[in-house]
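1. Could you work out the structure for the sequence below:
(one chain, ligands or ions: 1)
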Amino acid sequence: MPSLSPAAMETERFRAYGARHVDELRDRFGIPDHIARSIKSLAAVLPFRVNEYVLANLVDWDNIPDDPIFQMVFPQSGMLRQEDERRLAALVDDPDAKKELRLTVQQIRGSLNPHPSGQKQLNVPTVDGNEMPGIQHKYRETVLYFPGQGQTCHSYCTYCFRWAQFVGDADLRFAVPEPSRLVEYLSHHPEIDDVLVTGGDPMIMSTDRLRSHLEPILNVPTVRTIRIGTKSVAYWPQRFVTDNDADDVLRLFEEIVASGRNLAVMMHFTHPRELESDLARRAIARIRSTGALAYCQAPLVARVNDDAETWSALWRAELAAGAVPYYMFVERDTGPYEYFKVPLARAHEIFRSAYLTLPGLARTVRGPVMSATPGKVIVDGVTESAEGRFFQLRMLQARDPQLVGRPFRAHYSETAAWLDELRPADDAPADIAAAIRGPLPQVTDDIDSSAWLRQELAHA
Ligand code: SF4
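-> Numbers count the residues shown, from 1 in each chain. Now for the predicted structure:
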């Protein structure tokens, strides 16, 4: 595998490549012609962006197309329906078919469930009937905040559940340029103590820009935790080590910690190779030196990390680097889902086989977890009884706080890969079964004054 010397990596400037650079990458890395052609035509539908660090240090070019990192960042044949791939291939190089290509791309994107888990309809809160852009409020104590300048990433993952945000459809963008509406919303919602700053990747922003989004949140006394969701430690660890403002970002983290808040950097590592890099491990050490907490999470994705050895190695590497293994997610039902999905039964087997190899300190990890419409549902196991086989499930998190922590069963299926393919058992509590079957109302000020919340606040 080609790799840069540590000195070269440290002086490297960030450079991203996209669909228009495919020929350049083909020539440089010896990508076979037919694969390069597929990348080009699929990149008309799916977002494609990769950077120099990933190309030179993470992809194993001797093992493409099967290499897991190659699968993780390069769109390629099999990710769309064959018929759609054929249509695209016929149109993409035809200068007279621009309009038809545009319509075809639009239609294929629409068929890929671009709004999974009702995030567009269910999670955007309203105040006085007006939507609050840039905020999603799904769980009582947590809001997701989408800073406008943080809505790209250092590279794009082919399996990303937010892929639709990156393809230029304004209707799908949640982001806002500055946090005043967030601060206003937080001041009306003292029950929210946790702000998850997400994207895209907030760490794509300069430190000054990041500061402009984070500092105002520190003026809200009810916010006790700030989390930053990022894959930058895997895709561009220079952000915390050698970038011009790398030291400044560490100072910002120190200031947040000094304000008495928990600062948690929620790092996305998909494959243990991402942690073989000295630079990535140094980035984690520097983040931790500020007093910030380092947590790790990733989805289980076919062709990338769908075996127990990979997860065992990943979680061990995270622990060795001083980070806390946190979540194994189930791939969401959006984008090239058919290509990447792993059935829940297999996902549980992989999780358990990897988990039992771990030292106690790495058994902080939870999974496999579906972040679904009613909340986060974990597959705890498979049980057998006189009535048959069942998945043993639990609501780890829920829109309705009354559901949190409660177990339930669903009929076993060898092939089911998402919650909506499961049939709750007859003994599943009625409120859980109802939450699984249908969406709940939007989070609004009306819900805020609902009985459960008043009751909860009274006991707080
Ligand atoms: S880094 Fe995260 S947000 Fe960005 S493409 Fe990958 S999964 Fe999506």
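2. how close does the nearest residue to V124 once chain neighbours are set aside sit to the ligand?
-> Nearest residue to V124 in three dimensions, chain neighbours excluded: E131, at 5.2 Å (Cβ to Cβ, 6 or more residues apart in numbering). In short, each C-beta sits where N, CA and C put it, glycine included. From E131 across to the ligand, the span is 22 Å (Cβ to the nearest ligand atom, to the nearest Å).
3. Give me the phi and psi angles of E131.
-> Backbone torsions of E131, given as degrees, to the nearest 10, read phi -70, psi 140.
4. Pull the number of nearby residues for it.
-> 12 (other Cβ atoms under 10 Å).
5. repeat for H21
-> 15.
6. So it versus S277, what's the distance?
-> Counting by Cβ to Cβ, to the nearest Å, the gap from H21 to S277 is 23 Å.
7. Ok, Q402 next?
-> Counting by Cβ to Cβ, the gap from Q402 to S277 is 44 Å.
8. repeat for F391
-> From F391 to S277 the distance is 37 Å (Cβ to Cβ).
9. cool, V197 as well?
-> For V197 relative to S277 (Cβ to Cβ), the value is 24 Å.
10. hey, what's the residue of the stretch 251-400 of the chain found nearest the ligand bridged with?
-> Closest residue of the stretch 251-400 of the chain to the ligand, Cβ to the nearest ligand atom: H268 (5.6 Å). Under the criterion DSSP bridges, H268 forms beta bridges with Q297.
11. How about the contacts made by it?
-> Taking Cβ atoms under 8 Å, 6 or more residues apart in numbering, we find H268 in contact with G229, T230, K231, A234, C296, Q297, A298.
12. what's the spacing between stretch 394-401 and its chain's center?
-> Relative to the chain's own centre, stretch 394-401 is displaced by 19 Å; criterion: Cα atoms, centre = their mean, to the nearest Å.
13. now what about that stretch, what contacts it?
-> 122, 138-140, 366, 369, 374-378, 380, 403-408, 431-432, 435, 440, 443, 452, 456.
14. Which PyMOL command selects the buried ones in the residues you listed?
-> Those of the contacts of stretch 394-401 that count as buried under 16 or more other Cβ atoms under 10 Å are selected in PyMOL with:
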select buried, resi 122+138+139+140+366+369+374+375+376+377+378+380+403+404+408+432+435+440+443
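15. The contacts of stretch 394-401 in strands, which ones?
-> K138, Y139, R366, V369, G375, K376, V377, I378, D380, P407, F408 (DSSP state E).
16. Setting aside sequence neighbours, what's the nearest residue to the fifth one?
-> Taking Cβ to Cβ, 6+ apart, and ignoring the residues beside it in sequence, G375 has A398 as its nearest neighbour in space, at 3.4 Å.
17. count of neighbours near the one you found?
-> Count around A398 with other Cβ under 10 Å applied: 22.
18. between Q402 and S277, which one's more packed in?
-> S277 (19 against 15).
19. In space, what's closest to the more buried one - neighbours in sequence excluded?
-> Using Cβ to Cβ, 6+ apart, the closest residue to S277 is N57 (6.0 Å).
20. Check V377 too.
-> Nearest non-adjacent residue to V377 (Cβ to Cβ, 6+ apart): M370, at 4.8 Å.
21. OK, contacts around that neighbour?
-> Applying Cβ under 8 Å, 6+ apart, the residues contacting M370 are F329, V330, R332, L344, K376, V377, I378, V379, W418, L419.
22. And for T364?
-> V324, P325, Y326.
23. Could you report the pLDDT at D128?
-> In this model, D128 is scored at 79, pLDDT.
24. Could you give the number of residues near it?
-> Neighbours of D128 under the rule other Cβ under 10 Å: 6.
25. Would you quantify the distance from V369 to R394?
-> Between V369 and R394 the computed distance is 10 Å (Cβ to Cβ).
26. Give me the common contacts of these two.
-> Shared contacts of V369 and R394 (Cβ under 8 Å, 6+ apart): V377, I378.
27. So which residues of the stretch 251-400 of the chain form helices?
-> 278-289, 308-320, 337-340, 344-355 (DSSP state H, counting those that start in this stretch).
28. As JSON lines, those helices with distance to the ligand, mean neighbour count and mean pLDDT would be great.
-> Shown next, in JSON lines, are the helices of the stretch 251-400 of the chain (distance: least, Cβ to the nearest ligand atom, whole Å; neighbours: other Cβ atoms under 10 Å; pLDDT from 0 to 100):
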{"stretch": "helix 278-289", "distance to the ligand": "14", "mean neighbour count": "20", "mean pLDDT": "98"}
{"stretch": "helix 308-320", "distance to the ligand": "16", "mean neighbour count": "20", "mean pLDDT": "98"}
{"stretch": "helix 337-340", "distance to the ligand": "12", "mean neighbour count": "18", "mean pLDDT": "95"}
{"stretch": "helix 344-355", "distance to the ligand": "18", "mean neighbour count": "20", "mean pLDDT": "98"}
